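J.: below: sequence and its predicted model.
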Amino acid sequence: MKIIVLAAGKSTRFKSRKHKALHNLLGKTILERTLETLWKLYPSQIQFVLGHQLELLAQELKQGETFIEQTEQLGTAHALQIGLSNLQSITEGILVTCIDTPLLRAETLENLIKQTQKSSAQIGLLTAELDNPFGYGRIETINNQIKIIEEKDASTAQKAIKQVNAGVYFFNMPLAQIQAGLKAISNKNSQKEYYLTDMIEWALSQNLKVVSEKCSDSEEILGINSRLDLEKAIQALSQRKIKQLQAEGVSFLNSNSCLIAPEAQIGMDSIIGLNCQILGSTTIGENCQIHNNCFIQDSSIGDDTQIRYSQIVESHIGKACLVGPFANLRPNTQLADNVIVGDFVEIKNSQVAGNSKIPHLSYIGDASIGEQVNIGAGTITANYDAILGIKNKTQIGNNVKVGSNCVLVAPIEIADNCFVAAGSTITESVKTKDSLIIARQKQIVKENWVKEKSLKNFELNR
């Protein structure tokens, strides 16, 4: 089976300098979401009919995905003519769909194909039932014959019909027969375009069999033609995933406030708070608590972990950890089990071993921290060499205690069981275990300095 995707339109209603198919839909582009579904049908080829911004879309296509250019946009039937022009034959039928319906499920398309083949029909038409069908072509069935009536041509009675055309077709007939039908279509309409919907009327005039398959979920046929449509698609895709997770034992305090990507996995008995975004290939274990206002992307989180009001990107967090509130874990952060990362802590490209604590107000970058380590408040790893323009490594051994407000100037190494005194700036490695490390100026007290300074200023200004 081959698939042709119609994607040549300009999408002027979307109001963007880039093609609407390249806009983000919960972590992937609309194009990627569409292709993800289509490849589940195991086609021999997916061919796009491109026009507007052809170069941008073409460079996103991968192996098995080809394109042909429609230089003039003369309607959907004309687009299919272009799409068929470089094919030699069709052996297992051809599915025709659009680039802007990423909510379609593979099962829905499979049902359309199977129903068409099972009934020995030449054309299968995907439909849906909408409470508000305005703008869609209506499906009218009389004496088992299907007819599509466009909104502008429908009578009052026909406009009341709720079953609509989804714009997806399966052609179960030879290539030459499809081409003959397309050539017979006229452009005598207000838009002067060749409509693929007219193919149904031609097929019935040739005594060919046309069947329809109705979507179980009408949201699937949503076409993204505007920013409002994109928002609806984002919400629909997220809610689809949330319902699945709820059925698998995940609780949401307010599911309507959350965005969950289809790729995300969350274990049983986990609880997701308000306003959370869980995107990309994120995996969250069982019995976790993701508190309000968390952003988690492409990360893994072990069982029994709590995340509070924090941002986590491309990181791994072990079991029974506590992160936040207001922590920022940047890419390549690795936390082992039972690690505490507290409020206003930022970590990037660092590994923290089990049972260590970074309770608050610290920056840890390009560091390796051992087990049972405690990092005091206000401590930072000074990892950037501004002269060489490189990031240097900080290595802290097991059971090290770092006092508050310390600066560890990398590259540096602190041996096991050492104590770093509060307020120290450490510039040299300490490789002897059990050491106390102090690096600060001796405290100086000048008694009566304030009184004497004030008196002197008074005399000068009198």
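T.: Alright, I've got the coordinates. Numbers count the residues shown, from 1 in each chain.
J.: enumerate every residue touching the closest residue to G318 other than its chain neighbours.
T.: Of all residues not flanking G318 in the chain, D337 sits nearest, at 3.9 Å (Cβ to Cβ, 6 or more residues apart in numbering). Bear in mind the C-beta positions are built from the backbone N, C-alpha and C, glycine included. Taking Cβ atoms under 8 Å, 6 or more residues apart in numbering, we find D337 in contact with G302, G318, K319, A320, C321, G354, N355.
J.: gap between D337 and N383?
T.: Per Cβ to Cβ, to the nearest Å, D337 is found 25 Å from N383.
J.: now V341
T.: Computed as Cβ to Cβ, the V341 to N383 distance reads 18 Å.
J.: when those two are compared, which one has more neighbours?
T.: Neighbour comparison, V341 and N383: the larger count goes to V341, with 29 against 23 (by other Cβ atoms under 10 Å).
J.: is it true that that one touches N328?
T.: No - applying Cβ atoms under 8 Å as the test, V341 and N328 come out as separate, 9.6 Å apart.
J.: where do the contact lists of the two overlap?
T.: With Cβ under 8 Å, 6+ apart as the test, V341 and N328 both reach I347.
J.: ok, I149 - contacts?
T.: By Cβ under 8 Å, 6+ apart, the neighbours of I149 are G137, R138, E140, Q158, I161.
J.: can you tell me the closest non-neighbouring residue to the last one?
T.: Excluding its sequence neighbours, the residue lying closest to I161 (Cβ to Cβ, 6+ apart) is R138, at 4.2 Å.
J.: same question, I438
T.: A421 (4.3 Å).
J.: I'd say that neighbour and N405 touch.
T.: No - A421 lies out of contact with N405 (Cβ under 8 Å); the separation is 10.3 Å.
J.: identify the residues contacting I3.
T.: Going by Cβ under 8 Å, 6+ apart, I3 touches L38, L41, P43, Q45, I46, Q47, I94, L95, V96, T97.
J.: ok, longest strand in the protein?
T.: In the chain, taking DSSP state E as the definition, the longest strand is strand 163-171.
J.: which other residues reach that strand?
T.: Contacts for strand 163-171 (Cβ under 8 Å, 6+ apart): 76, 90, 93-98, 101, 104, 109, 112-113, 116, 122-130, 133, 136-139, 148, 178, 196-197, 199, 214-215, 220-221, 223.
J.: same check, this time on stretch 72-81
T.: Residues from elsewhere that reach stretch 72-81 (Cβ under 8 Å, 6+ apart): 4, 6, 8-10, 49, 51-52, 70, 96, 167, 178-179, 182-183, 185, 187, 191, 193-199.
J.: since we're on the nearest residue to Q53 once chain neighbours are set aside, how many residues are nearby?
T.: Spatially, and ignoring its direct neighbours in sequence, Q53 is nearest to H19 (4.4 Å; Cβ to Cβ, 6+ apart). Under the neighbour criterion other Cβ under 10 Å, H19 is assigned a count of 23.
J.: just checking, H19 touches H52?
T.: Yes - the criterion here is Cβ under 8 Å, and H19 meets it with H52 at 6.6 Å.
J.: so for those two, which residues contact both of them?
T.: In contact with both H19 and H52: S11, using Cβ under 8 Å, 6+ apart.
J.: can you pull the contacts of I358?
T.: By Cβ under 8 Å, 6+ apart, the residues touching I358 are V339, I340, V341, G342, V345, I347, V352, I364, I369, I375.
J.: quick one: distance of the lengthiest helix in the chain to the chain centre.
T.: Secondary structure of the chain per DSSP state H: the longest helix is helix 227-247. Distance, stretch centre to chain centre, for helix 227-247: 12 Å (Cα atoms, centre = their mean, to the nearest Å).
J.: pLDDT of stretch 392-412, averaged?
T.: In this model, stretch 392-412 has a mean pLDDT of 97.
J.: list the buried residues for that stretch?
T.: If you call a residue buried by 16 or more other Cβ atoms under 10 Å, then stretch 392-412 has these buried ones: 392-410, 412.
J.: mind listing which of those residues are in strands?
T.: Members of those lying in strands (criterion: DSSP E): T394, Q395, I396, K401, V402, V407, L408, V409, I412.
J.: how is the protein carved up into domains?
T.: According to automatic domain parsing, the chain comprises the domains 2-221, 227-437.
J.: let me have those in a markdown table, adding distance to K453 as columns.
T.: Formatted as a markdown table, these follow (distance: least, Cβ to Cβ, whole Å):
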| stretch | distance to K453 |
| --- | --- |
| domain 2-221 | 60 |
| domain 227-437 | 25 |
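J.: where among the ones you listed is average confidence lowest?
T.: domain 2-221 (a mean of 92).
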